[in-house]
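**Student:** sequence-free structure coming up:
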């Protein structure tokens, strides 16, 4: 095989996947000096090259091979940098690489004419590079570089429009919950995201350091190959805490409860950024991390170390987030926020699946379900976000109430949004979303845990809500009459038109893929299942028992599926979609009247709209209170005790003692003589006594 | 090459009159380049000497005190390099800032005189201004060189008395620099600065004398090997820690720092804050950790706690500031808390991390102070409430400021992260190994403090560079290349160190392993 400076080409490819985006980020500012237009071309070209590098590794993934290549990094403490391309990371790198590429193509249209375009491309490439670094790293310390890189890029991109113009804010002006404003400027939102995810990162760092302390390594392979560290850790009762702390990082990045509040404000960024954050880069990093460390923990069972609490925590955090954010998605009037709530909720599903995987004997079931949902969600959510970006672009408002009746004017967007939306709703048998959600239901239902039933019920309830809010979103945007806002635009001569081709093609492709892969979804999932089964055995020694004599209840191509899960997903879709249809497409009942019809619905509506008051709580507890304390210390300690007390106090004390000494220097010789005499007398007395 | 360290330390002192004369006769530009060239030469020979591993020079001194030596070992090298690199780039940076400052001072001076001697023509005024600026720049650069020499001498010295002399030598020029060119009530603040740090230094000297007289030698080599009487050890350890605590501006002894760093001319703040106060940490390493391992083991937990308190206190006070430089000064206090915390971690990684923290604080805080300087020159205010949205007007400054901010926050790929994770790893290691709950608590609190650090730094960025641009700042331009180029050098340096920390860790780790016994 050909090689390059001693590195075989296939291994070089693994490095290139994440180095190329960074390289692009480095040259884009230089390119931008000469031609702003070319920056976009450079970015798209490098994103494509990175994606192609990932694609070349795909055949290897299918054979469950892996590449592990290391170079010396920090010699002084013997740390190596390396890349690890196994089926998990190769599939993830492909999903991220290709979806990012489509989003970059979309951005060339969406960001056209922005005067800070160079900065935009720099951070987008930095973002992709950091994400690929997380995916392909072979050790936690290097992952953390990418991890913080992602956080940094999200900070920069969420506050991309740093001039804080009114149109770039999110939330409704003047609205507040418990005295906390629900209206955020881009720079505020960026800070909020960075600091909130940093709280997760701090947890992750301490988890990493605990592992390093016992294992002496950050490497994933090394952690698996020798498990003496785990024995020691679990003897000290630190194993579960360490991994839960690591999961804390995932909670921050993936916006899981209780670190979920930053995700909504992240909508201040350009929509292309939102698409990237939600579909490919940022929030998927947490799921990926759990998929990376989950098998390591589960494999410890072979050594007799059980870490059920770890998986239970993941499952519960996922389930709570799924429900919590879905309920809020039902009531929000901003299209991007609805999608953001939906992302958090869907990520909750993935976490739930990865969590229950560890609670069952068939680890691979939940693992595959979670990861399959990650892939299908990446496709339909990227598509939905980009379509929403088109709507914003065309309508010039982020509120769905300013849209309405657009199905005639924007036919392509309408069609694609239906396709991707059906994926999110989990429309039976034809969408990827259906199969992946069904797999999650089955995994939860079959888990060997006393929590299985409540988790299952939450998951199904969330699915109902998901179908409802998706239908609501499509209904509000495309059905009914044009809103006053649009009529005003039309009357001013701004005709509503379809988005340019560079924008609709990317989300069209993803929408078609959602349906296309959905049609063969079951076999795709089986393929993935098979692949992961081999991978888990090969890399972690996690064997799964095959169903032997179990009779299949369902006929035909559905055989092997869990009938309860299948039934639940069908019912959930039908209920949610039906309710949504009644209110927003058929418009037989006015939702506003319905909400106000009784106190229960009214208060629930208010609770959801005010984000369960969690955001207010976060601000009161972690912004207002610390500032209040700091101000108290500043006024009553620093300014008084320290400043006045020590500086002025010393000065006064010195001045006073100087005056005392001065007072004795009268210059009158008699008084000196008296004192001299008194002193002499004193000495004589002492000598005598 | 011989006399390398002697040259590196004393050339700036010997040639400082030349800098004065050049400035006086030919103006600030020549003085700047002379100073820069000289410091660059010294830095290059210093780095060159450091590349070969531990390097020592010894010269005969008095029989009373012992030898006059210089040593560039694993501990001193990063300190020495950071000090000289900062001095070198700041020499260039000084030019536009100080000329701006001299003109301001001249106006102040001139307006006082104008009332008494009546009319003066514009021509006379401009000639007078020129003379004034030339003379002041000569004086400034001469003192700048002496200041640099004092700091380097301290970290290279191999003898307690020598250490003390250099420790005080760096104080004198910095006192005059604040008193002559500071802002606000500069003479009073300079005196306050001199008073506190000098008292600290005298307490330090008491500790030195106690050790030196009981051992019978002031040379580091002898002290390291001698078995010191435990009573004297405790007394001198306390004296040394208190003395250096003042220099470090640890909580309670931080009184002088916000004033001095806020009022000093910005290039000097950028030296005082990251380079000079960190020398307190150097002293702790050399004198406590290396020479008194037993005592160090006993008191490390206290340093640990003191560090956490300082971290939180400095961070909380930084949140309350409206003045850019005062906010950075409080941030420095908080960062010195990290150093104390790390020194108190009692582990190889923690100590190595502490030194990395010094390096990254030097680069990061240097960058942020330089940012403040650019804004003072270009905008003319340092109050956050009058700033905002400057990123569009001064993009290069903004980028450098963000990199500096990332370094202070400890976000990879800047060097800040490399220090931070090692510090916390060290703290955790000792906490777990000793099974010490108090240490575990300190570890957790320390991590929480990083979120506080992040909050005030990001808020600072938001208030200066983002948001709406005030009407009166529409015509602001980016700083001159004299200011931007040094910032870009530091910004590049912090990223290089962050990605490839072996540059410094290669020196630091073997030394720390030696000190901690493996």
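**Tutor:** Nice, thanks for sending it over. Here the structure is a predicted model, which is why all the values come from computation and not from measurement. Numbering: from 1, shown residues only, chains lettered A, B, ... in the order given.
**Student:** Can you list the strands that the helix or strand hosting residue A:73 pairs with?
**Tutor:** In this assignment (DSSP states H and E), residue A:73 forms part of strand A:67-74. Applying DSSP bridges to the sheet, strand A:67-74 is found paired with strand A:79-85 (antiparallel).
**Student:** Name the residues that touch the partner strand?
**Tutor:** A:11, A:14-15, A:18, A:57, A:60-61, A:66-73, A:93, A:136-139, A:141-142, A:218-221 (Cβ atoms under 8 Å, 6 or more residues apart in numbering or on different chains). Just so you know, the C-beta spots here come from the backbone N, C-alpha and C atoms, and that holds for glycine as well.
**Student:** Toward the C-terminus from it, list the very next helix or strand.
**Tutor:** helix A:87-110.
**Student:** angle of that following helix against strand A:67-74?
**Tutor:** 80 degrees (axes from the mean of the first three to the mean of the last three Cα atoms, to 10 degrees).
**Student:** for helix A:87-110, what is the average pLDDT?
**Tutor:** Mean pLDDT, helix A:87-110: 91.
**Student:** By mean pLDDT, which helix or strand of chain A comes out lowest?
**Tutor:** strand A:3-4 (a mean of 64; mean pLDDT, DSSP states H and E).
**Student:** and after that one, which helix or strand comes next?
**Tutor:** Immediately after strand A:3-4, counting by DSSP H and E, sits strand A:7-8.
**Student:** Give me the mean pLDDT for that next one.
**Tutor:** For strand A:7-8, the per-residue pLDDT averages 74.
**Student:** Sheet partners, orientation included, of it?
**Tutor:** strand A:3-4 (antiparallel).
**Student:** so where's chain B shaky on pLDDT?
**Tutor:** B:1, B:111-124, B:518 (pLDDT under 70).
**Student:** Which residue lies nearest the spatial centre of it?
**Tutor:** residue B:275 (1.8 Å; Cα atoms, centre = their mean).
**Student:** how about that one, what does it touch?
**Tutor:** B:82-83, B:86-87, B:151, B:362, B:366.
**Student:** how about a cut-off of 10 Å?
**Tutor:** B:79, B:82-87, B:90, B:147-148, B:151-152, B:155, B:170, B:358, B:361-362, B:365-366 (Cβ atoms under 10 Å, 6 or more residues apart in numbering or on different chains).
**Student:** do residue B:194 as well
**Tutor:** Residue B:194 neighbours (Cβ under 10 Å, 6+ apart): B:171-172, B:174-176, B:178-179, B:256, B:260.
**Student:** thinking again about what came up before, I'd guess the residue nearest to the centre of chain B is in a strand, am I close?
**Tutor:** No. Read with DSSP: H, G, I helix; E, B strand; the rest coil, residue B:275 is helix and lies in no strand.
**Student:** before we move on, the earlier item: the strand holding residue A:73: which residues count as buried?
**Tutor:** A:67, A:69, A:73-74 (16 or more other Cβ atoms under 10 Å in any protein chain shown).
**Student:** Same list (these) but as JSON lines, adding distance to residue A:290.
**Tutor:** Below are the buried residues of strand A:67-74 laid out as JSON lines (distance: Cβ to Cβ, whole Å):
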{"residue": "A:67", "distance to residue A:290": "23"}
{"residue": "A:69", "distance to residue A:290": "25"}
{"residue": "A:73", "distance to residue A:290": "25"}
{"residue": "A:74", "distance to residue A:290": "27"}
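**Student:** Which pair of these spans the longest distance?
**Tutor:** Greatest spacing in those, by Cβ to Cβ: A:67 and A:74 (22.3 Å).
**Student:** Just confirm residue A:173 is within a strand.
**Tutor:** Yes. Residue A:173 forms part of a strand when assessed by three-state DSSP.
**Student:** How about it: what's its closest non-neighbour residue?
**Tutor:** residue A:183 (5.0 Å; Cβ to Cβ, 6 or more residues apart in numbering or on different chains).
**Student:** For the one you found, what are phi and psi?
**Tutor:** phi -150, psi 120 (degrees, to the nearest 10).
**Student:** Can you give the contact residues for the helix or strand where residue A:628 lies?
**Tutor:** Assigned by DSSP H and E, residue A:628 belongs to helix A:625-633. By Cβ under 10 Å, 6+ apart, the surrounding residues in contact with helix A:625-633 are A:619-620, A:638-639, A:641-642, B:312-313, B:315-320, B:451-452, B:455-456.
**Student:** can you check stretch A:635-646 too?
**Tutor:** Here stretch A:635-646 has contacts from A:630, A:633-634, A:649, A:652, B:196, B:251-256, B:258-259, B:313, B:316-317, B:320, B:330, using Cβ under 10 Å, 6+ apart.
**Student:** Which ones among the residues you listed map onto helices?
**Tutor:** By the criterion of DSSP state H, membership of the contacts of stretch A:635-646 in helices covers A:630, A:633, A:649, A:652, B:196, B:256, B:258-259, B:313, B:316-317, B:330.
**Student:** okay, now the nearest residue to residue A:77 once chain neighbours are set aside: neighbour count?
**Tutor:** The shortest distance from residue A:77 to any non-neighbouring residue, by Cβ to Cβ, 6+ apart, is to residue B:509 (6.2 Å). Residues lying near residue B:509 (other Cβ atoms under 10 Å in any protein chain shown) number 24.
**Student:** So for stretch B:274-288, first residue to last residue, what's the gap.
**Tutor:** 21 Å (Cα to Cα, to the nearest Å).
**Student:** And the residue nearest to the centre of chain B, how close does it get to chain A?
**Tutor:** 23 Å (Cβ to the nearest Cβ, to the nearest Å).
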